[in-house]
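Q: Okay, here's the prediction I keep looking at, along with the sequence it came from:
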Number of protein chains: 2
Amino acid sequence: MDSVRDLAQRLPAGMRDVLPDEMGELRALSDALRRTFVEAGYGEVWTPALEFEEVLRAGDPHAAGASYKLFDEHGRVLALRSDMTIPIARLAATRLAGQTPPLRLCYFAHAYRAGPVRADHPHEFLQAGIELLGLDAPEGEAEVIALTLAALRCAGLERHRVGVGDATLMPSLLRTLGIDDELRKRVLDALRRRDLVAVERLAGGIPDRDAGELLVRAANARGGPEVLAPIAELVPESVRRLARLHELLAASGDAERVILDLGLRREFAYYTGIVFEIYDPAVGFALGGGGRYDELVSRFGRQLSGCGVALDVQRVHVAQAAEEGWTGAAREVGGTPRGGTRGAADRQFSAQGPLP
Amino acid sequence: MDSVRDLAQRLPAGMRDVLPDEMGELRALSDALRRTFVEAGYGEVWTPALEFEEVLRAGDPHAAGASYKLFDEHGRVLALRSDMTIPIARLAATRLAGQTPPLRLCYFAHAYRAGPVRADHPHEFLQAGIELLGLDAPEGEAEVIALTLAALRCAGLERHRVGVGDATLMPSLLRTLGIDDELRKRVLDALRRRDLVAVERLAGGIPDRDAGELLVRAANARGGPEVLAPIAELVPESVRRLARLHELLAASGDAERVILDLGLRREFAYYTGIVFEIYDPAVGFALGGGGRYDELVSRFGRQLSGCGVALDVQRVHVAQAAEEGWTGAAREVGGTPRGGTRGAADRQFSAQGPLP
């Protein structure tokens, strides 16, 4: 056994303390994001850190599988929330059942993931996000993405981008190409891990070489609406969705921030349509992401479409630092460099991989 | 088994969702408290929700006993923090070991307590607090109490009071009166539960009737410095401490808010001197409390005195509502009544007992 003094020098795996300089900056960042969300009509909610594990599991088996679990006094399994989307879907179906959609909700709360420790996988992380319930595609996605981009601008970011894909695109494409179930599952797993080398290897095993090449090209396709043309007849529904959303975002002046990303997959399986991730070229990891989940709220007893985003506040904080590093000289001339600990946070998180 | 839809209608015992109107008010209240703390030089910190259970236990066996527990992947027991004082003591002894005292830290974080469900015992509660490490008695207590009173004034309270006692007073008095260990333990337990009827019953069993009467009178003594006289020679150290602190608080203009409370005991056992609780006559429960813990940080490897307070933010919120109910008519004439959900919160928490 370690002594308490030795133990106190360490923290449970994947956990960290936040000291005043960094905490002050995280508060300022959260306040800037909250202001934008609330001014756009999103009301902040809080849900308990502990949920019934069965509730999380109904929302997404993967979310429940990755959670910290414990027993309550009746032997029921509780779990620390692994995101806020499932608790808010539960809330929309229960205490908010009488409210007429659309519902606009936001949150600032920590989420928890257990499991093996990796440098890119903190076990406690602060999320800032919004959920827009009852406004269907594509207007819902357009509002959520535009507001996310605006909130990050308010937080001082200037170079952020959004990668936009569709959760049904790759499964449909693989089916249309006649790929068998086993291989399809492996390709989708590889995409979820962003392992494009594995996708290429798996595609090499497809007897129809044209199909294999098309798959690899689609998995790697990133760009403007022109990337949709080669697959327009194979997966018409996904392509129409992406094209229409791109039009809406272009109309709101965000076209230059949008990158269509046909191979994009998210960790959680509750997404039913558009999915997206936020990037900043100054750092090598996603700042957050989200998408449409039209079948999630119904698992708790209410038919209600939904769409939302979650930002990892500490990653956004690191991106602020990195952007300042790029443009710091110019800002210091202006006399208002932002000080503090972002550099330290940058070093600590520089090994981070893409967000789930 | 309940269906997921039935389960989703309930929450784990002692947990609740917070909807936008109430959440907006809790944010405004937290911001007002934070502003006061930060302007007074208290830097905000964050510690993980999960600690090693052995660390909590070293801080206070009762804190660990009341906590939610689970196993990490190495079979080590983790616990959800049951307060922020123990994690901050750990932090002061480890990552902040190089900082020269005094350290002034504040926090806004949820704490968790498992156990049987009672209306007055939520299992998740938001605490706002400060810790002042390395400034000894009585100046440390005076600063912490004065700042607490000021923060509550900034949050709009006008009628709040602080009850001040001493953790060593009753144990010393019982020893001086020659009460045996077994009975002493039962009296102290009854005081911790605020069960003065039980104290009287236990005192009735003391063979020396004068000693029994003195004990009952001391346990019930509340008021100004005049309450100290009858026990001044029996427990001189506690009386000197209380008298000196009262002088300091009177000098800073807070005398009319201070009530000496000789029978005051707190739930956690880490207190070594002055203890206090915050009250508001508009509501029937403590809004928070704190005290001096000069032996806590050393359990994690650093000799450092300490003193702090934790406010229950939702209880302070209810007190705001109750004070407005008392003075609402006058305020509405002024044209700025504060609206929102405090009435609802008031109903929900009206059965609350004293804070630990």
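A: Noted; the coordinates are in hand.
Q: if I look at the residue nearest the centre of chain A, how far off is chain B?
A: The centre of chain A sits closest to A:G289, judged by C-alpha atoms, centre = their mean, with a distance of 2.3 Å. Going from A:G289 to chain B by C-beta to the nearest C-beta, to the nearest Å gives 23 Å. Quick note: C-beta positions are derived from backbone N, CA and C, even for glycine.
Q: can I assume that residue sits in a helix?
A: No - per DSSP: H, G, I helix; E, B strand; the rest coil, A:G289 lies outside any helix segment and is strand.
Q: Isn't it up against A:E267?
A: No - contact criterion C-beta atoms under 8 Å: A:G289 and A:E267 do not qualify, at 9.1 Å.
Q: Contact residues of the stretch 51-200 of chain A facing chain B?
A: Remark: the part of the stretch 51-200 of chain A in contact with chain B comprises A:51-52, A:54-55, A:58, A:68-70, A:72-73, A:76, A:78, A:80, A:90-91, A:93-96, A:105, A:110, A:112, A:114-116, A:123-124, using C-beta under 8 Å from any C-beta of the partner chain.
Q: Write out the residues of the stretch 201-350 of chain A neighbouring chain B.
A: A:299-301.
Q: helix, strand or coil for the nearest residue to the residue nearest to the centre of chain A once chain neighbours are set aside?
A: Nearest non-adjacent residue to A:G289, counting by C-beta to C-beta, 6 or more residues apart in numbering or on different chains: A:E277, 3.8 Å away. Secondary structure, three-state DSSP: A:E277 is strand.
Q: now A:E277: how far from chain B?
A: According to C-beta to the nearest C-beta, A:E277 and chain B sit 26 Å apart.
Q: contacting residues around that residue?
A: The contact partners of A:E277, by C-beta atoms under 8 Å, 6 or more residues apart in numbering or on different chains, come to A:162-163, A:261, A:264, A:266, A:286, A:288-289, A:354-355.
Q: Please save the CA atoms from stretch A:203-214 in PDB.
A: C-alpha atoms of stretch A:203-214 as PDB (Å, rounded to 0.1, in the frame of the first residue of the first chain):
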ATOM      1  CA  ALA A 203     -10.500  -1.500 -49.000                       C
ATOM      2  CA  GLY A 204      -7.600  -3.300 -50.700                       C
ATOM      3  CA  GLY A 205      -9.300  -6.600 -49.800                       C
ATOM      4  CA  ILE A 206     -12.500  -5.700 -51.700                       C
ATOM      5  CA  PRO A 207     -12.700  -7.900 -54.900                       C
ATOM      6  CA  ASP A 208     -14.300  -5.100 -57.000                       C
ATOM      7  CA  ARG A 209     -11.300  -2.800 -57.300                       C
ATOM      8  CA  ASP A 210     -13.300   0.200 -58.500                       C
ATOM      9  CA  ALA A 211     -15.500  -0.100 -55.400                       C
ATOM     10  CA  GLY A 212     -12.400  -0.200 -53.200                       C
ATOM     11  CA  GLU A 213     -10.900   2.800 -54.800                       C
ATOM     12  CA  LEU A 214     -14.200   4.800 -54.500                       C
END
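Q: Any idea how far that stretch is from the middle of the chain?
A: 30 Å (C-alpha atoms, centre = their mean, to the nearest Å).
Q: Report the buried residues of it.
A: For stretch A:203-214, burial by neighbour count (16 or more other C-beta atoms under 10 Å in any protein chain shown) applies to A:203, A:206, A:211-212, A:214.
Q: which one among the residues you listed gets closest to chain B?
A: A:A203 (34.9 Å; C-beta to the nearest C-beta).
Q: so where's the stretch 51-200 of chain A uncertain?
A: Scanning the stretch 51-200 of chain A with the threshold set as pLDDT under 70 gives A:119-120.
Q: switch to 90 and redo it
A: For the stretch 51-200 of chain A, applying pLDDT under 90 flags the ranges A:61-67, A:72-75, A:115-121, A:137.
Q: Going along the chain, name the strands of chain A.
A: A:43-44, A:50-52, A:69-71, A:77-80, A:103-112, A:124-133, A:161-166, A:222-223, A:258-261, A:274-279, A:288-292, A:306-312 (DSSP state E).
Q: ok, back up a step: just the buried residues of the residues of the stretch 51-200 of chain A next to chain B.
A: A:51-52, A:54-55, A:58, A:68-70, A:72, A:76, A:78, A:80, A:90-91, A:93-94, A:96, A:105, A:110, A:112, A:114, A:123-124.
Q: Just want the residue of the stretch 151-300 of chain A that's nearest chain B.
A: Going by C-beta to the nearest C-beta, chain B is nearest to A:F300 of the stretch 151-300 of chain A, at 4.2 Å.
Q: Touching, that residue and A:T94? I think so.
A: Yes - if you go by C-beta under 8 Å, A:F300 and A:T94 touch, sitting 6.6 Å apart.
Q: which neighbours do the two share?
A: With C-beta under 8 Å, 6+ apart as the test, A:F300 and A:T94 both reach B:A8.
Q: B:E226: which of the residues of the stretch 201-350 of chain A next to chain B is nearest?
A: Within those, the smallest distance to B:E226 is 60.2 Å, found for A:F300 (C-beta to C-beta).
Q: Can you name the residues that contact that closest one?
A: So A:F300 contacts A:55, A:58, A:89-90, A:92-94, B:4-5, B:8 (C-beta under 8 Å, 6+ apart).
Q: Closest one of the residues you listed to A:Y42?
A: Distance to A:Y42 across these (C-beta to C-beta) is lowest for A:A92, with 13.3 Å.
Q: Share the number of residues neighbouring that closest one, please.
A: 24 (other C-beta atoms under 10 Å in any protein chain shown).
Q: That one and A:G301 touch, don't they?
A: No - taking contacts as C-beta under 8 Å, A:A92 lies outside contact range of A:G301: 10.1 Å.
Q: Now the common contact residues for these two.
A: By C-beta under 8 Å, 6+ apart, no residue touches both A:A92 and A:G301.
Q: count of residues packed around A:R240?
A: Counted with other C-beta under 10 Å, A:R240 comes out at 14.
Q: got a pLDDT number for it?
A: On pLDDT, A:R240 comes in at 97.
Q: How about A:A330?
A: 41.
Q: isn't A:G224 right up against A:L260?
A: Yes - when contacts are counted by C-beta under 8 Å, A:G224 is listed as touching A:L260 (6.7 Å).
Q: Those two - which one has more neighbours?
A: A:L260 (24 against 13).
Q: my read: A:T47 touches A:A109, true?
A: Yes - between A:T47 and A:A109 there is a contact under C-beta under 8 Å: 7.5 Å.
Q: Show me whatever sits in contact with both of those two.
A: With C-beta under 8 Å, 6+ apart as the test, A:T47 and A:A109 both reach A:81, A:84.
Q: so who does the closest residue to A:P122 other than its chain neighbours touch?
A: Nearest non-adjacent residue to A:P122, counting by C-beta to C-beta, 6+ apart: A:G14, 5.2 Å away. A:G14 makes contacts with A:113, A:117, A:121-124, as judged by C-beta under 8 Å, 6+ apart.
Q: In the residues you listed, find the pair that's most separated.
A: Spanning the widest gap among the contacts of A:G14 are A:V117 and A:E124, at 12.2 Å by C-beta to C-beta.
Q: Next, the buried residues of stretch A:288-300.
A: A:288-294, A:296-297, A:299-300.
Q: how long is that stretch end to end?
A: End-to-end distance of stretch A:288-300 (C-alpha to C-alpha, to the nearest Å): 25 Å.
Q: Equivalent analysis for stretch A:197-215, please.
A: 12 Å.
Q: ok now it, how far from the chain's centre?
A: 28 Å.
Q: contacts for that stretch?
A: A:173-174, A:177-179, A:183, A:186-187, A:190-191, A:216, A:219, A:230-231, A:234, A:263.
Q: Kindly recompute the last result at 7 Å.
A: Residues from elsewhere that reach stretch A:197-215 (C-beta atoms under 7 Å, 6 or more residues apart in numbering or on different chains): A:177, A:179, A:183, A:186-187, A:190-191, A:216, A:219.
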